[in-house]
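>>> Have a look at this prediction, sequence included:
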Amino acid sequence: MAKKKTPKNKRPKATKPEAERAFSWYPGHMVKAKRELEANLKLADAVLVMLDARAPISTRHPELEQILDSRSCPFGLVLNKGDLAEADKTEAWGKHLRAEGFQVTRMNSVQGRGPGALSSLLEQVERAVNQRRERKGLLPREPRLMVCGLPNSGKSTLLNRLVGKNRFKAGKKPGLTRGAQWVKVAGRYHLLDTPGILYPRIEGETSLSILAAIGSVKRNVLPQETVTRTLLRLLHERARLAEFLPELSGQEWEAEPLSCLSEVWGYQSRSGEAEPAHRAFERLLNLLSDASKPITWEPPPLE
């Protein structure tokens, strides 16, 4: 489980135009979650950090990794939700992160039972913990791990899979987990589920839009026109716009993307219904999370 420290300037960073501005969105319960995380780290032997395979840059939390480094707390990266990402890019991301010295496991926490791909990583943790205890003259014990990451990264789903029942709140909406919970798995591990924590500042419109597309930011706080335009631009640059939205073929969507989507989808203002732009925004985000069209929003760096 031990990993070598990687210089900050070598860690993958999202590239963004200089004109992009940072967005501040730091709900009060996430401030509390950060304080609880730092307190719970004193109880943990190691940490599993959940990343979304569609956005391995934007779902990393530099502040969390700095805290772990400062405490010499080993951690492994779990590239989750591989069913929603492009398989070849997820494999490339795994190789890239391992080359940087990280312990990395690829998995889809929704499918299968038990630790699955995590087995090897968990066994490494158990050996490392008890080797340290043996050197101190202490008896072996079950290792204590934390599972953490951004909202909607699949932490509670992973714990439910490990436990074998729906003990933890899980769903597509971010922020469902609000308190730490310990659970014993297979008589060998103690796992701690923690609330998702998000960047105090989201660096740029691209990162914000990607986090919106994967469900890590609550939709009601988003600048809908900006996010829509950015996501359509990314699809266009990847030559996948026609695949996701063939109805936009020949349309001039750049200036007012939500108005354009509302028109092609036939949304009109009606009493008792959400405004057409809001309905179009909701439909777009739902469309982009369709498992039948896997997409990796942040391609791996070129080797």
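Sure thing, it's come through. Residues are numbered from 1 along each chain as shown.
>>> ok, now which ones touch residue 222?
Each residue near residue 222 by Cβ atoms under 8 Å, 6 or more residues apart in numbering is listed here: 208, 212, 281. Where you see a C-beta, it was placed from the backbone N, CA and C, and this is true even at glycine.
>>> try it again with 7 Å
residue 212 (Cβ atoms under 7 Å, 6 or more residues apart in numbering).
>>> cool, and residue 185?
162-163, 191.
>>> 10 Å instead, please
Residues counted as contacts of residue 185 (Cβ atoms under 10 Å, 6 or more residues apart in numbering) are 114-115, 122, 142, 145, 159, 161-164, 191.
>>> Now intersect those with the helices, please.
Applying DSSP state H to those, the entries found in helices are 122, 159, 161-163.
>>> need the strands for the protein, in chain order.
Counting by DSSP state E, the segments of the chain that form strands are 22-24, 46-52, 75-80, 103-106, 144-149, 181-185, 189-193, 201-203.
>>> where are the low-confidence patches of this protein?
1-30, 111-114, 164-181, 186, 193-196, 198-201, 271-274, 303 (pLDDT under 70).
>>> which residues in it form helices?
28-40, 62-70, 87-99, 119-135, 155-163, 205-213, 224-237, 241-244, 257-264, 276-288.
>>> To residue 302, which of the ones you listed lies closest?
For the helices of the chain, proximity to residue 302 was assessed by Cβ to Cβ; helix 87-99 is nearest, at 9.4 Å.
>>> Report the inter-axis angle for that closest one versus strand 46-52.
Interaxial angle of helix 87-99 relative to strand 46-52 (axes from the mean of the first three to the mean of the last three Cα atoms, to 10 degrees): 150 degrees.
>>> Other residues contacting helix 87-99?
Identification of contacts with helix 87-99 by Cβ under 10 Å, 6+ apart yields 3, 6, 10-12, 51, 53-54, 56-57, 60, 77, 79-86, 102-106, 108, 294-303.
>>> Only alpha carbons, please: show it as CSV.
Below are the C-alpha coordinates for helix 87-99, written out as CSV (Å, rounded to 0.1, in the frame of the first residue of the first chain):
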residue,chain,number,x,y,z
ALA,A,87,-12.3,1.3,-21.3
ASP,A,88,-9.0,2.0,-23.1
LYS,A,89,-8.7,5.5,-21.5
THR,A,90,-9.4,4.0,-18.0
GLU,A,91,-6.6,1.5,-18.6
ALA,A,92,-4.3,4.2,-19.8
TRP,A,93,-5.1,6.3,-16.7
GLY,A,94,-4.3,3.4,-14.5
LYS,A,95,-0.9,2.9,-16.1
HIS,A,96,-0.1,6.6,-15.9
LEU,A,97,-1.0,6.9,-12.2
ARG,A,98,1.0,3.8,-11.4
ALA,A,99,4.0,5.2,-13.2
